[in-house]
Each structure stands twice: as C-alpha cells, then as structure tokens.
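Fold the following and give me the result.
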Amino acid sequence: MRSRHDPVDDQNRNFRSQSKVTFTTGVLLTNIRSLPSKFLELRAVVEEKRPTVVAITETWLTDEMNDAEFSIDGYSTTRQDRQNSDKARGGGVALFTRNDIDICKCEALCRSRETESVFVLAKFKCGKSVKKLLIGNIYRPPKLSLTVIDECCNLLNEAGKLGKKLNAELLILGDFNLPGIDWENYCTKACIFEARFLQAVSDNFLSQIVLEPTREQNILDLVLVTNPSQITKVEVLEPIGRSDHNCVHIESNYGINVTSEAKEVLSIRRTDFCKMSRFFHNIDWESYIIPGSGSIEESWSKFLNIYHEAIRRYVPKTVVKSRTNPKKTLTLSRDVRKQILKKRRLWRKWKKSGRKEDELGYKKQRKLVTEIIRGRSMKSNVPYFEA
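Residues are numbered from 1 along each chain as shown. Just a heads-up that it's a prediction; the model follows:
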C-alpha cells in the first residue's frame, strides 16, 4: 500500500549540497565546586562566551543525577563522576562540547577514583585540512601522595601515546593542585611530586599557557597544549558564583567543521494561485471519485499525479541555506549581559587594587547577578532571555 506522506516533502528532498564553514574555537575551564548549585550561573557564562568546549572540575555529580538535569542548549555532555564507597561528595569532571563538532569518548583515558579524568577525540578544520584534537579534563585532588602523582603523570603519558597513534594534537585542561610550579620558567622548589609532573609535561612536549593565578595567588587550573601557536588569547575571568577558583577562557585558531546545507524548497509566496485554481477547476474530478471507476489506491495515485503536476507548473523553487552559527545563538538578554560585564569589571578592579571597598562592590554585584539569573531579584525586572 502506498504511503500517504506529504508530497511537498518529496519536492523539498530533490536538491542537497553541503559546504564547510570555519569558526574559531573557544574553551572555558573552571573548578565549579558543585555543578548543581551553580549550574544557572555556568549556563549564563556559556551563553555569553559560546565556547566550543567547557571543562568543569569538581562537579560533585553522582550516578543518580541524570545528564538532562544539567543540559545546555546546543551542547552534549561527557562526564566522569567520582566512584567511592563512602559516598563522600566531591570530585568529578565533565566536558560540554558543542553539538556541531564530531567527538567520541576515549574510555581508555577516563578515570574515576583518585584522579578523575574524561577525554574525547574531536575533529576540527584547520585551513583546508581536518585535524584531530584529543581533549582531556583532569582533576587531581590535593593529596600529595606518590600514587596520585604517578597516576596523573601516567595519564599524560597515555594521552601522549594515543595522540601520536591518532595523529592528534593534545589539549589537556583541569585542576592539578600543584601550586609550587613556576610556569614561566618551568621549574619548582625541591618537591618531588611537582618535579615528576613537570617531567611528564616535558616528555610529552606539552606547553602550559595559563600564567595568571586561578585561586588566590596560585596557578592551579592548567591548560596544556602540544601546539601553543594555535592559541590566540588566554584570559582569567571571575569565578562562577561563589566558587573559589577563577575561570580560564582561551581562544584558538582551531576551526570547527560546521555543515552548511543548501536545500531547494518550494516558494509558496511566489505561487500563481489563480492559474493553479483554473488548472484544478478544469479537472474532471468525478472520474476519480465515482464508485466503480477504480480502486481507492488507483484514485489516490491519480490525485497525487495531478497535485504534483500543479506544483510543478505553478509553484516555483528557491534555494535556501541553513547553517548552525554558534555566534547567533545567544539567548541572554542585553540587560543581563550588561550586569555580567559590570560584575567582571568590578572583579578586575578589586583584583588590581586589593581594596576592601572594591571587594564589597564586587560581591554586591555578584549577588545581584546571581539573583537575576536565578529569577529571585527583588530590585530588578531584568528579563533573562531576549524577547
């Protein structure tokens, strides 16, 4: 029996073409110290910056928490929760990656006990060639034990080997809790743990590009890359909510394979309805609907033939292109973005001056932004989304 689908869909499927559009790649890294309590603030920063990858450490998620509870429009979630017997909170890592890039999870590099990690392999367009990028997110708890350090170093070594095997560059982010390393000179005071980590970084030809403190006066949140020439900008931003870690935002020259699809569709606005009406008026419809003139399927087939002929004659076609442009998907309202930028200015002012009054001004604005985002502001009717 013939399927009675919409014949207009058949017309729209006749023409397809694809092209590639390149966008720069942004990455956001933060130790959030409880994703459930700060998810709305995180989503606001993501909607403002629209990074390609968001790396979160200390998610504090458990197996009972579903990905759908912490979904961000346009992003997919890859996470690794801490697995422990005492059910103590803490730990956990996650990667949010935009839906318009091709990724797959690297299970062999994922850890969930002493050191937590999650890795994905992504494909990017760089010029005319497609390159592979192995992206990892690692959280090493502040335990200065040789076992934990060795596990962390082994992760770097395994990632380096996999990168060579796949011909992929490395982008490894996370909170490594190693405050004693001088990253400008790649040296450390007499600490065997940090010396071992530096050796692993050197053995895998990695460069660490964050040179500003990310927690108090320490550089704990790191970005390790095999090709630092691709990085165009590194900035340290204010914390998410009341987290005690600053955010790190980087931009790079890695391009994203974004599919731009050209499709030939019917232009209803340009249809000649007068001629189509006369065409249908001149059809002897009784010959198709009088009982005994044929089966129902035969009548239906004749009707479709006439219908398609009318469309072919009187409905012109036009070519349209649909493209997933991440730059055009911002949903934050202008007023909310304004308040977020004001909070950032006050934070930078406080960090530069160190004055108590600047700290109070920043914290006051931080509280206001949190209330606006969570919809509890009593002082402002600022809408969260654009109308």
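
Now do Trp60 against Arg33, distance only.
7 Å (CB to CB, to the nearest Å). C-beta here means a position set from N, CA and C on the backbone, and glycine is covered the same way.

sorry, that was for Arg355
For Arg355, the distance to Arg33 - CB to CB - is 26 Å.

more neighbours, those two?
Arg33 (20 against 11; other CB atoms under 10 Å).

so who does the more buried one touch?
In this structure, Arg33 makes contact with Glu58, Trp60, Ser243, Asp244, His245, judged by CB atoms under 8 Å, 6 or more residues apart in numbering.

wouldn't Arg366 be in contact with Lys343 here?
Yes: using CB atoms under 8 Å, Arg366 is in contact with Lys343, at 5.6 Å.

Which neighbours do those two have in common?
Residues touching both Arg366 and Lys343 (CB under 8 Å, 6+ apart) are Glu238.

Show residues contacting the helix or strand encompassing Lys343.
Per DSSP states H and E, Lys343 falls inside helix 334-353. Around helix 334-353, the neighbours that count as contacts under CB under 8 Å, 6+ apart are 44-45, 48, 237-238, 332, 358-359, 361-362, 365-366, 368-369, 372-373, 382-384, 386.

hmm, try it at 6 Å
Glu48, Glu238, Asp358, Glu359, Gly361, Tyr362, Gln365, Arg366, Val369, Val382, Tyr384 (CB atoms under 6 Å, 6 or more residues apart in numbering).

which one of the residues you listed sits closest to Ser145?
Distance to Ser145 across the contacts of helix 334-353 (CB to CB) is lowest for Glu238, with 32.4 Å.

Now the closest one. Its backbone dihedrals?
Torsion angles at Glu238 (phi, psi; degrees, to the nearest 10) stand at phi -70, psi 160.

next one: Asn137
Main-chain torsions, Asn137, degrees, to the nearest 10: phi -130, psi 120.

pretty sure it is touching Val93, no?
Yes: taking CB atoms under 6 Å as the definition, Asn137 is a contact partner of Val93 at 4.7 Å.

With neighbour numbers in mind, choose between the two.
Val93 (31 against 27).

what sits against the more buried one?
Thr57, Gln80, Glu116, Val118, Asn137, Tyr139.

With pLDDT added, can I get those in JSON lines?
Putting these into JSON lines (pLDDT from 0 to 100) gives the following:
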{"residue": "Thr57", "pLDDT": "97"}
{"residue": "Gln80", "pLDDT": "94"}
{"residue": "Glu116", "pLDDT": "94"}
{"residue": "Val118", "pLDDT": "97"}
{"residue": "Asn137", "pLDDT": "98"}
{"residue": "Tyr139", "pLDDT": "96"}
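
Can I get the residues you listed in a markdown table including secondary structure and distance to Cys152?
As requested, these are arranged in a markdown table below (DSSP: H, G, I helix; E, B strand; the rest coil; distance: CB to CB, whole Å):
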| residue | secondary structure | distance to Cys152 |
| --- | --- | --- |
| Thr57 | strand | 13 |
| Gln80 | strand | 14 |
| Glu116 | strand | 10 |
| Val118 | strand | 14 |
| Asn137 | strand | 13 |
| Tyr139 | strand | 10 |
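
List buried residues within those.
Thr57, Gln80, Glu116, Val118, Asn137, Tyr139 (16 or more other CB atoms under 10 Å).

Which residue comes closest to the last one once chain neighbours are left out?
Read that as Tyr139. Once flanking residues are discounted, Tyr139 sits nearest to Thr57: 4.1 Å by CB to CB, 6 or more residues apart in numbering.

Where do the helices of the stretch 101-250 of the chain begin and end?
146-166, 192-203 (DSSP state H, counting those that start in this stretch).

do you know which of those lies nearest Ala68?
Comparing these by CB to CB, helix 146-166 comes nearest, at 29.0 Å.

any idea of the mean pLDDT for the closest one?
Helix 146-166 comes out with an average pLDDT of 94.

Now do the buried residues in that helix.
By 16+ other CB under 10 Å, the buried positions in helix 146-166 come out as 148-153, 155-156, 158-160, 162-163.

Just flag the most distant two among those.
Val148 and Gly163, at 22.9 Å, using CB to CB across these.

what about the protein, any weak spots by pLDDT?
1-24, 84-88, 125-127, 144, 255-263, 288-294, 321-331, 376-387 (pLDDT under 70).

domains in it, as residue ranges please.
Annotated domains of the chain cover 7-16+260-320, 21-258, 332-373 [automatic domain parsing].

which one of these is the most hemmed in?
Mean neighbour counts were taken over these using mean count of other CB atoms under 10 Å, and the top value, a mean of 18, falls to domain 21-258.

who touches Ile72 in this structure?
Arg43, Val46, Phe96.

Tell me which of those residues fall in helices.
Using DSSP state H, the subset of the contacts of Ile72 located in helices is Arg43, Val46.

picking up where we left off before, nearest to Asn177, of the buried ones among the contacts of Val93?
Tyr139 (8.4 Å).

Which strand residues bridge the closest one?
Counting by DSSP bridges, Tyr139 forms beta bridges with Glu116, Asp175.

check contacts around Leu133.
Contacts of Leu133 by CB under 6 Å, 6+ apart are Ala122, Phe124, Ala168, Glu169, Leu171.

wait, I meant Ile56
Counted by CB under 6 Å, 6+ apart, Ile56 has contacts Ile32, Ala94.

Distance of it relative to Ile209?
Going from Ile56 to Ile209 by CB to CB gives 19 Å.

Mind putting the contacts of helix 334-353 into JSON lines with distance to Phe273?
What follows is the contacts of helix 334-353, written out as JSON lines (distance: CB to CB, whole Å):
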{"residue": "Glu48", "distance to Phe273": "46"}
{"residue": "Glu238", "distance to Phe273": "58"}
{"residue": "Asp358", "distance to Phe273": "67"}
{"residue": "Glu359", "distance to Phe273": "68"}
{"residue": "Gly361", "distance to Phe273": "64"}
{"residue": "Tyr362", "distance to Phe273": "62"}
{"residue": "Gln365", "distance to Phe273": "58"}
{"residue": "Arg366", "distance to Phe273": "59"}
{"residue": "Val369", "distance to Phe273": "53"}
{"residue": "Val382", "distance to Phe273": "46"}
{"residue": "Tyr384", "distance to Phe273": "43"}
